[in-house]
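have a look at this prediction, sequence included:
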Amino acid sequence: MNVCLVGGCGYIGGFLNRRLSGMKDVSRITILDKQDKDGIQYLDLEHADDFRTAAFDGLDYLVFLAAVSSPDLCEKDFDASWRINVEGTRCIISAALEKGVRVLFFSSDAVFGEDVEIFDEDSLTLGSTAYGRMKKAIEDEFRGMHGFKAIRLSYVVSSADRFIRYCLGCLDRDEEAQVFHPFYRNCITVTTVVDVVAWLLLNWDSYPGWVLNVAGLELVSRLRLADELNRISRDRLRYSVVNPGQAFYANRPAITQMKSKYLYKLGIIPEISFTEAFRLEMQGVTQ
């Protein structure tokens with residue numbers, strides 16, 4: 001199969017590119033990104049109309065990862081973020097679907113809004129934050145359309161995510177970390193995310209729905225993440241617990257509980273504890 005990664009130079013895109021490169025079923029990987037690098041096709045989502053969609057000829061799948069993903073930036077620079085996250089994204093997805101390319105769109109648990117229930121694939125989406133409204137806009141436009149599926153991600157944990165990198169930096173410098181609390185998500189590791197994408201590319205028609213929630217079985221706080229890091233670093237991380245105040249929560253709920261009706265039931269990923277998933281994800285990173 002031939003696969004295109006829109007935003008393939010980003011955080012999850014790099015992990016996914018490496019995974020797909022090792023799959024015998026993948027013949028070619030095309031990366032579109034706003035980076036001037038060898039082997040990268042340039043795409044500026046603020047000017048998506050200028051993109052030559054001949055690049056989609058012969059593609060089987062387009063995986064759309066690109067976004068302005070900072071909730072604060074989406075709120076602060078709403079118009080510019082909307083042009084990228086909605087208008088440019090809509091343009092590229094529409095062009096791919098018109099060419100018969102299957103599209104897998106990366107959405108977020110932010111589409112649900114405030115924590116009033118445990119959200120599943122059938123829950124009402126409200127999009128109470130700027131970022132959530134942008135992801136919801138794309139979901140609403142393409143939901144149920146032939147060739148389109150979306151995955152909603154909870155917080156994605158890895159050695160490269162912002163909070164873990166911050167904690168690892170504090171470890172290296174022997175500094176005390178500040179851990180914002182409360183902040184809870186059904187965290188999932190980046191390895192699990194790429195496993196889910198690989199499964200969908202290989203089993204597209206086996207999943208009947210248009211959206212799949214990608215979430216862990218446990219509700220995990222940043223405090224828990226710090227403690228899990230201490231499990232594998234021999235309690236070397238020193239930290240203090242800080243309430244970040246209402247400004248922090250203005251663009252991100254303190255708690256978002258998301259589950260999937262299908263992720264584990266269909267055997268897409270195994271049921272393991274977050275402690276074990278975190279240990280596997282962080283192997284070789286710290287001791």
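Everything's here; your move. Numbering: from 1, shown residues only.

tell me where the protein is predicted with low confidence.
286-287 (pLDDT under 70).

cutoff 90 now
Counting by pLDDT under 90, the chain shows low-confidence ranges at 35-39, 113-116, 284-287.

show me where the stretch 51-200 of the chain has helices.
Using DSSP state H, counting those that start in this stretch, the helices of the stretch 51-200 of the chain run over 71-76, 78-82, 89-98, 130-142, 162-173, 190-202.

tell me the phi and psi of Ile29?
phi -120, psi 120 (degrees, to the nearest 10).

give the contact list for it.
Each residue near Ile29 by CB atoms under 8 Å, 6 or more residues apart in numbering is listed here: 2-5, 8, 17, 20-21. Using the backbone N, CA and C atoms, a C-beta is placed for each residue, glycine as well.

in helices, which of those fall?
Counting by DSSP state H, these place 17, 20-21 in helices.

and stretch 231-247, which residues are buried?
Residues 232-233, 237, 239 are the ones in stretch 231-247 that count as buried (16 or more other CB atoms under 10 Å).

out of these, the closest to Phe142 would be?
For the buried residues of stretch 231-247, the residue nearest Phe142 by CB to CB is Ile232; the value is 40.4 Å.

measure that closest one to Leu104 for me?
As for Ile232, its distance to Leu104 is 32 Å (criterion: CB to CB, to the nearest Å).

buried sites along stretch 176-196?
Going by 16+ other CB under 10 Å, stretch 176-196 has these buried residues: 177, 179-181, 183-196.

with stretch 160-169 instead?
For stretch 160-169, by 16+ other CB under 10 Å, it's 161, 163-164, 167-168.

if you compare the helices of the stretch 51-200 of the chain, which one is most tucked away?
helix 130-142 (a mean of 21; mean count of other CB atoms under 10 Å).

residue ranges of the strands in the stretch 1-150 of the chain, please?
Counting by DSSP state E, counting those that start in this stretch, the stretch 1-150 of the chain has strands at residues 2-6, 28-33, 40-42, 61-64, 102-108, 118-119, 148-153.

could you dump those strands into a markdown table and include distance to Met134?
Formatted as a markdown table, these follow (distance: least, CB to CB, whole Å):
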| stretch | distance to Met134 |
| --- | --- |
| strand 2-6 | 15 |
| strand 28-33 | 19 |
| strand 40-42 | 23 |
| strand 61-64 | 13 |
| strand 102-108 | 9 |
| strand 118-119 | 18 |
| strand 148-153 | 13 |
